[in-house]
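>>> Just the structure for this:
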Amino acid sequence: MSQDPTWSFSAQIERFDVDAAWHFLAIPSEHVDALREAGDGRYVITVNDAVTWHCGLLPTGDGRWFVAVSKAKIKAAQTTFGGWVHVDLAVDKSKYGMPIPEDLQDMLDDDPEFLKRFDAMLPGKRRGMIHHIASAKTDATVAKRILKLMKELGLVWALMGWCLAAHAQTLGHERTTEYLPLLQERAVAVVANHASMLGGPEGVHLVDTLLSLGVNVKHVFAPEHGFRGDAANGAHIEDGTDGATGLDIFSLHGTNRKPQPSQLKGIDVVVFDIQDVGARFYTYVSTLMLVMEACAEAGVDVLVLDRPNPHGHHMAGPMLDPDFKSFVGWIPTPMVHGLTLGELANMAVAESWFPAPAGWKPSVVTCQGWDHGTDYNLPISPSPNLPTVASIDLYP
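Now for the predicted structure:
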């Protein structure tokens, strides 16, 4: 059996005058034709028997061909600009022209549709994405980048299934099979913000997910800090339009704190997906109560996609004095109440915190893999002044 050819030669580390950061080594002219005829443009290069990578041949513009060499590879080869190195060059026989990260390969092996769409990508773009995933420094970042790729390839269903398999703790909004039947053929409004992401910070927003699945989302309600979560504490939030989807955004932290009847006209169900932190004065819980009150008055259903409470393991502080009820103190509970928003939604109706028609109550899609004795670190900051796990643990 004949072996695949390898070309060995010496070359000097050079750089272009127009860009001193761009280093390269030129291919001897006697090897160029054979190299280009033997491969489809991708090669494996080893320099000084010390560093190996996958590469392509590029023209210099003066009749020569070269391989780009990064400063890191120059250092690994124990040489420098102007140094001569030994080069071994072979045709790249790998499927994608570069090594593929193990986690990405596992996903491609497990999902034929993912593999089909991945293989259909333009080779250069595909290699760029492989490099982007491979360059991640942590397993969590690898997972986020794979999720982002799946989103770009239109694999929302596969992405959601991966979320369910990958996380021991499953948030309410990740349990799509539980709540999509409740939204089919219905007019939907969504209360959400920047943390309403399936798959973590680099995942897919709930609103984008619902729209991609054919849910009839009419508009969005935004709590304190706005739909994108970048407004300051207490800031007056104006109504607007979401640039990504074109949906109207109605502020619940501006002129109105409660959805107006005109904003609920024609709506069948309001979906609430906000991350709370378990303190009575944190206004997302007040927004939930006012949304429920408005929906009860209008005969509109409410669906709460529940999330863990990072302070769900304890209760602390005094009860609310009813004489001081306000938007920053709406629910009659201790200061640190220990409940999820879904639990508070059910309690509000059971204990008549607001008038509701007989039989009206919210639907709650609970979390899985979490209870009040389980730690939970928020993957996305819930508001500007709580940017870290430590700040949330110390709150309030």
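
>>> C-alpha from now on. contacts and neighbour counts both.
Will do.

>>> buried ones in stretch 209-220?
209-210, 215-220 (16 or more other CA atoms under 10 Å).

>>> Among these, name the ones in strands.
216-220 (DSSP state E).

>>> hmm, back to that, name the member of the buried residues of stretch 209-220 with the shortest distance to residue 334.
Taking CA to CA as the measure, residue 334 lies nearest residue 220 of the buried residues of stretch 209-220, at 30.5 Å.

>>> Surely the closest one touches residue 245?
No: applying CA atoms under 8 Å as the test, residue 220 and residue 245 come out as separate, 10.4 Å apart.

>>> sorry, back to before: can you redo the ones in strands among the buried residues of stretch 209-220 as JSON lines with pLDDT?
Below are these laid out as JSON lines (pLDDT from 0 to 100):
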{"residue": "216", "pLDDT": "96"}
{"residue": "217", "pLDDT": "96"}
{"residue": "218", "pLDDT": "97"}
{"residue": "219", "pLDDT": "96"}
{"residue": "220", "pLDDT": "96"}
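
>>> Would you mind giving the buried residues of stretch 209-220 as CSV with distance to residue 70 added?
Formatted as CSV, the buried residues of stretch 209-220 follow (distance: CA to CA, whole Å):
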residue, distance to residue 70
209, 40
210, 43
215, 48
216, 50
217, 48
218, 50
219, 49
220, 47
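
>>> where along the protein do the helices fall?
Under the criterion DSSP state H, the chain contains helices at 29-38, 71-76, 102-110, 112-119, 123-134, 139-152, 156-166, 176-179, 206-212, 261-264, 283-298, 341-350, 389-394.

>>> what's the closest of those to residue 309?
Comparing the helices of the chain by CA to CA, helix 341-350 comes nearest, at 8.0 Å.

>>> ok, and for the closest one, which residues are buried?
For helix 341-350, by 16+ other CA under 10 Å, it's 341-342, 344-346, 348-349.

>>> quick one: which of these is nearest to residue 136?
Distances from residue 136 to those, taken by CA to CA, are shortest for residue 341, at 34.4 Å.

>>> which stretches of the stretch 101-250 of the chain have low pLDDT?
Low-confidence segments of the stretch 101-250 of the chain (pLDDT under 70): 156-168, 229-235.

>>> Quick check: bridge partners of residue 222?
Beta-bridge pairing for residue 222 (DSSP bridges): residue 251.

>>> Show me what the residue nearest to residue 55 when sequence neighbours are not counted is bridged to.
Closest residue to residue 55 apart from its sequence neighbours, by CA to CA, 6 or more residues apart in numbering: residue 43 at 5.3 Å. Beta-bridge partners recorded for residue 43 (DSSP bridges): residue 55, residue 91.

>>> tell me which of the buried residues of helix 341-350 is nearest to residue 305?
Nearest to residue 305 out of these is residue 342 (CA to CA; 7.3 Å).

>>> thought that closest one was touching residue 303?
No: Residue 342 is not in contact with residue 303 according to CA under 8 Å; the separation is 9.1 Å.

>>> Overlap in contacts, these two.
Counting by CA atoms under 8 Å, 6 or more residues apart in numbering, the residues touching both residue 342 and residue 303 are 364-365.
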